[in-house]
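Student: I'll drop the sequence and a predicted model, then ask my questions.
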Amino acid sequence: MNNLYEDIKLFSNEGYISRRNYIVNFLIIGIISSLFLMFVFPKFQTTNMLSDLIRAGNIYLILYIISSLIFSILTAFNMSKRISDIKNIEPKNSIFCAILTFLLLCQFSPLFNYQAGVILSLPVILAQLFFMIKKGEITSKQEKSEINKFNWGAFFGTFVWGLFNKTYIALLIIPLFFTPAWLFFGLILGIKGNEWGYKNKKYNSIEEFHKSQKRQATFWSILTPLLTVILIAILTVAFSLLIAGDEKRAQIEGRPSYMEVLMTKELKKIYNDYELNENEYKFYIDSKFWNSLSDYEKKSAFESAALYAEYKNLYSKTPETKHVIKKKTKIYSDENKLLYEYNK
């Protein structure tokens, strides 16, 4: 056996890493990338990644390149250390990681459209799954831990489980609840929960610890889904009442409602202007931009216009059906030339 040691640090390509810690690092990278995409990146409007980034501004293109490079380097480090465990070897990490980073970067290339990016990422996804499943030659010879099992109580109970088990790192999930990253962190809690819980709270024996965690898992696996359904129902009703109330006040005060302002803002990202009259709902767009769109993108742009017309029609004195609204919705160039209409 080589004199390798386990190194779980993200910014390191030394030593090896076990399947369990490999998955944890993978989830941490997922948290970082999902938050970056959510808060920094613009809303993509077409299937061409490069045109979307350029349209949003050069700063977004620079940020995209930097984030793609960081993500690729971190993933390459993680995969390199996993190979060390599987093969019980220490590869020429600098050269290997450089090659692997380049290959990983290909999936983020803005020269490809989104569909091509998904196709290019498939080999990476398959490789990630392989590294998560494949047993390592080094770690398979080590003594199995009685603690390192998935903790369903930590996964479902999240920060409340953390408070009870003195694992305060679980509180980090609170600001992540309304982001895609909450699931990644929840899985990390499930994977590392036993290790953290046993270390942070004193138990007389491992058996006592497992009995306690089993009771907590049963409790939270029942309560959490129930509370989630109730909370979603409450929020849905509250949001509906809030929107309806704002619509009524807006009509009385003669101002646009919050929903209308929001929808208009999104609409103007695509269209330069619009005109809704009794016979026709006209939406004006730059003809060059329109011609650069694919058939799918043109259909999606039309659906956005029809949805806005449907919203405006909802509060009219003579509401129309969706089919009639779509028939009356038409896309025009800025020169008033008809570009698209509903033909069904």
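Tutor: Cool, the structure landed.
Student: From here on, just use CA atoms for contacts and neighbour counts.
Tutor: OK.
Student: Please, where are all the strands along this structure?
Tutor: For the chain, applying DSSP state E gives strands covering 273-276, 281-285, 329-333, 338-341.
Student: just checking, what packs against the first one?
Tutor: Looking back up the chat, that one is strand 273-276. For strand 273-276, the elements it packs on are strand 281-285, judged by 3 or more Cα pairs under 8 Å, 6 or more residues apart in numbering; DSSP states H and E.
Student: Can you give the strand pairings for the strand it packs on, parallel or anti for each?
Tutor: Strand 281-285 pairs in its sheet with strand 273-276 (antiparallel), strand 329-333 (parallel), by DSSP bridges.
Student: picking that back up, turn the strands of the chain into CSV, including mean pLDDT and distance to residue 53.
Tutor: Shown next, in CSV, are the strands of the chain (pLDDT from 0 to 100; distance: least, Cα to Cα, whole Å):
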stretch, mean pLDDT, distance to residue 53
strand 273-276, 92, 23
strand 281-285, 95, 20
strand 329-333, 95, 24
strand 338-341, 94, 25
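Student: Out of these, flag the one nearest residue 20.
Tutor: strand 281-285 (51.8 Å; Cα to Cα).
Student: Residue 318 is nearest to which of the strands paired with strand 281-285?
Tutor: strand 273-276 (14.2 Å).
Student: Need the contact partners of the closest one.
Tutor: Contacting residues not belonging to strand 273-276 are listed as 281-285, 309 [Cα atoms under 8 Å, 6 or more residues apart in numbering].
Student: Any buried residues in it, and which?
Tutor: residue 274 (16 or more other Cα atoms under 10 Å).
Student: which of the contacts of strand 273-276 lies closest to residue 175?
Tutor: So of those, ranked by how close each gets to residue 175 (Cα to Cα), first place is residue 309, at 36.1 Å.
Student: That closest one contacts residue 325, doesn't it?
Tutor: Yes - using Cα atoms under 8 Å as the test, residue 309 is close enough to residue 325 to be in contact (6.9 Å).
Student: So between these two, which is more surrounded?
Tutor: A direct count of neighbours by other Cα atoms under 10 Å for residue 309 and residue 325 places residue 309 higher, at 22 against 19.
Student: so who does residue 324 touch?
Tutor: Contacts for residue 324 (Cα under 8 Å, 6+ apart) come out as none.
Student: what about the nearest residue to residue 53 once chain neighbours are set aside, distance to residue 20?
Tutor: Of all residues beyond its chain neighbours, the one nearest residue 53 is residue 61 (5.4 Å), with distances taken as Cα to Cα, 6 or more residues apart in numbering. For residue 61, the distance to residue 20 equals 35 Å [Cα to Cα, to the nearest Å].
Student: Pick out whichever of the two has more residues nearby.
Tutor: Legend: neighbour count by other Cα under 10 Å for residue 61 and residue 20, higher for residue 61 (20 against 16).
Student: which of the contacts of strand 273-276 tops the neighbour count?
Tutor: residue 283 (28 neighbours).
Student: Name the residues linked to that residue by a beta bridge.
Tutor: Beta-bridge partners of residue 283, as defined by DSSP bridges: residue 274, residue 331.
Student: what's near enough to touch it?
Tutor: Residue 283 neighbours (Cα under 8 Å, 6+ apart): 271-275, 305, 329-332.
Student: Over to residue 287?
Tutor: Residue 287 makes contacts with 333-334, as judged by Cα under 8 Å, 6+ apart.
Student: let's go with 7 Å and repeat that
Tutor: Contact analysis of residue 287 by Cα atoms under 7 Å, 6 or more residues apart in numbering lists residue 333.
Student: mind checking how far it is from residue 293?
Tutor: Per Cα to Cα, residue 287 is found 10 Å from residue 293.
Student: With residue 99 instead?
Tutor: Relative to residue 293, residue 99 is positioned 35 Å away (Cα to Cα).
Student: Residue 74 now?
Tutor: 35 Å.
Student: Please, where are all the helices along the stretch 51-200 of the chain?
Tutor: Applying DSSP state H, counting those that start in this stretch to the stretch 51-200 of the chain gives helices spanning 58-87, 93-105, 114-133, 152-164, 181-200.
Student: Mean pLDDT and distance to residue 252 added to these, as CSV?
Tutor: Formatted as CSV, the helices of the stretch 51-200 of the chain follow (pLDDT from 0 to 100; distance: least, Cα to Cα, whole Å):
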stretch, mean pLDDT, distance to residue 252
helix 58-87, 89, 41
helix 93-105, 82, 55
helix 114-133, 84, 45
helix 152-164, 94, 44
helix 181-200, 94, 41
